[in-house]
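In: Next one to model:
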Amino acid sequence: MIAVENDYEIDLTELDSVRENLNGFWIPENDRNGQEILWLNFESNKDLTDWETIPYTDEIKQTEILPYKSCPTIVTLIKVNKEVQMQFVSLDGQDTTKIDQLTKTKFKIGGTTYLRHKGYEFLK
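Out: So this is what the prediction gives:
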């Protein structure tokens, strides 16, 4: 987990701020020593990205090569009743989920809390 000074709640009605603060690497709070991290990579002014869980290993740090995954779930940020939510689209269908909490260091969605992770330097 990354320590961030001045951690605070992000306003879930501000789309740009939600996008900016979700960008990066996350790890489930209940699996801090896990070998997989969530990588959300929203491009500037674009509200969609892959919901991509990637391995976190020394080999990837050295080679800077990620394993290929086909047909990842796509997540789009949308506003529902003035609040930003996440819409997931995959081969299994689609679902919209409320963001329960978002700060600089954690976010909670669907009963799972994720903590900010340092991730891979070569992907920043």
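In: since we're on residue 54, how many residues are nearby?
Out: By other Cβ atoms under 10 Å, 19 other residues sit near residue 54. All C-beta atoms are positioned from the backbone trio N, CA, C, and that covers glycine.
In: Also the one 4 residues further on?
Out: Around residue 58 sit 7 other residues, with neighbours defined as other Cβ under 10 Å.
In: Now do it, the pLDDT please.
Out: According to the prediction, residue 58 has pLDDT 92.
In: need the contact list for it.
Out: By Cβ atoms under 8 Å, 6 or more residues apart in numbering, the contact set of residue 58 is empty.
In: quick one: it and residue 48, what's the gap?
Out: Applying Cβ to Cβ, to the nearest Å, the value for residue 58 to residue 48 is 31 Å.
In: Which strands or helices does whichever strand or helix holds residue 96 pack on?
Out: Per DSSP states H and E: residue 96 is located in strand 93-102. On a contact count with 3 or more Cβ pairs under 8 Å, 6 or more residues apart in numbering; DSSP states H and E, strand 93-102 meets helix 15-22, strand 73-80, strand 83-90, strand 106-109.
In: Quick test: name the residue nearest the centre of this structure.
Out: Among the residues of the chain, the one closest to the centroid is residue 40, at 3.9 Å (Cα atoms, centre = their mean).
In: Report the beta-bridge partner residues of that residue.
Out: Beta-bridge pairing for residue 40 (DSSP bridges): residue 24.
In: got a list of what it touches?
Out: Contacts for residue 40 (Cβ under 8 Å, 6+ apart) come out as 22-24, 26, 49, 51-52, 75.
In: Can you add distance to residue 63 and pLDDT and give the residues you listed back as TSV?
Out: Output for these, formatted as TSV (distance: Cβ to Cβ, whole Å; pLDDT from 0 to 100):
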residue	distance to residue 63	pLDDT
22	27	97
23	24	95
24	21	95
26	22	96
49	23	95
51	24	93
52	18	88
75	27	97
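In: which one of those sits closest to residue 84?
Out: For the contacts of residue 40, the minimum distance to residue 84 (Cβ to Cβ) is 9.3 Å, reached by residue 22.
In: Return the members of the contacts of residue 40 classed as buried.
Out: 22, 24, 26, 49, 52, 75 (16 or more other Cβ atoms under 10 Å).
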